[in-house]
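K.L.:
Please find the sequence and the predicted model below.
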Amino acid sequence: MANRSVNKVILIGHLGRDAETKFTASGVSVSQFTLATNRRIKDAQTGEWKDETDWHRVVVWRQENLAQYLTKGKQVYVEGRLQTRSWEDQNGQKRYTTEVIAEEVFLLGGRTEGAGDESFSAAAQQRGPVSMPRQTKPAQAGAQQASGGDFDPGPPPPEDDVPF
């Protein structure tokens, strides 16, 4: 058991912007969105409680229709793993980013729907996972290639590592 490790993330939060889907050169879809989670902390100086927000970058492979369901403000449950990758920026400096590679995404409701206080188990039974059939080619004519701007999800996982 000494050689075992665990890399598991479970988040419930609200989308900070609409999900974005692009395609790799080989036609594999990759969606990305930012998820806000809140936590309450007590201010050491004033003794007052306040909310702090953490932002998480979430990447989902091979779910090309996902973006149409994940819009700003919606509440979602995300289960997956952390992945850190590195690259060199324009100045030659090594940069790092850590992302959540999602294996499960469930819609829980949203602020605009008035369902933000539902429990996960009830919401999951009603709505189920956002899981779409795999396609090898872009499904939408207006879809962008996943190679440019600030949308860089890194290389796709090996076929035997795909959790879908």
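P.N.:
Done, it's in. Numbers count the residues shown, from 1 in each chain.
K.L.:
make it CA atoms for all contacts and neighbour counts henceforth
P.N.:
Will do.
K.L.:
for the protein, which spans come out with low pLDDT?
P.N.:
Applying pLDDT under 70 to the chain flags the ranges 1, 109-164.
K.L.:
change it to 50
P.N.:
110, 113-149, 157-164 (pLDDT under 50).
K.L.:
how about the helices in it?
P.N.:
Using DSSP state H, the helices found in the chain span residues 120-127.
K.L.:
Buried ones in the longest strand seen in the chain, by neighbour count?
P.N.:
Using DSSP state E, we find that the single longest strand of the chain is strand 94-110. Within strand 94-110, the residues that qualify as buried are 99-110, counting by 16 or more other C-alpha atoms under 10 Å.
K.L.:
Kindly reformat the residues you listed as CSV containing distance to S86.
P.N.:
Below are those laid out as CSV (distance: C-alpha to C-alpha, whole Å):
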residue, distance to S86
E99, 11
V100, 15
I101, 15
A102, 19
E103, 22
E104, 25
V105, 25
F106, 29
L107, 31
L108, 33
G109, 34
G110, 33
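K.L.:
nearest to H14, of those?
P.N.:
Checking the buried residues of strand 94-110 against H14 with C-alpha to C-alpha, the nearest one is G110 at 7.3 Å.
K.L.:
Who are the contact partners of the residue nearest to D51 when sequence neighbours are not counted?
P.N.:
Distance criterion C-alpha to C-alpha, 6 or more residues apart in numbering; nearest residue to D51, sequence neighbours excluded, is R40 at 4.5 Å. Going by C-alpha atoms under 8 Å, 6 or more residues apart in numbering, R40 touches 49-52.
K.L.:
and those residues, which two are the farthest apart?
P.N.:
W49 and E52 (9.9 Å).
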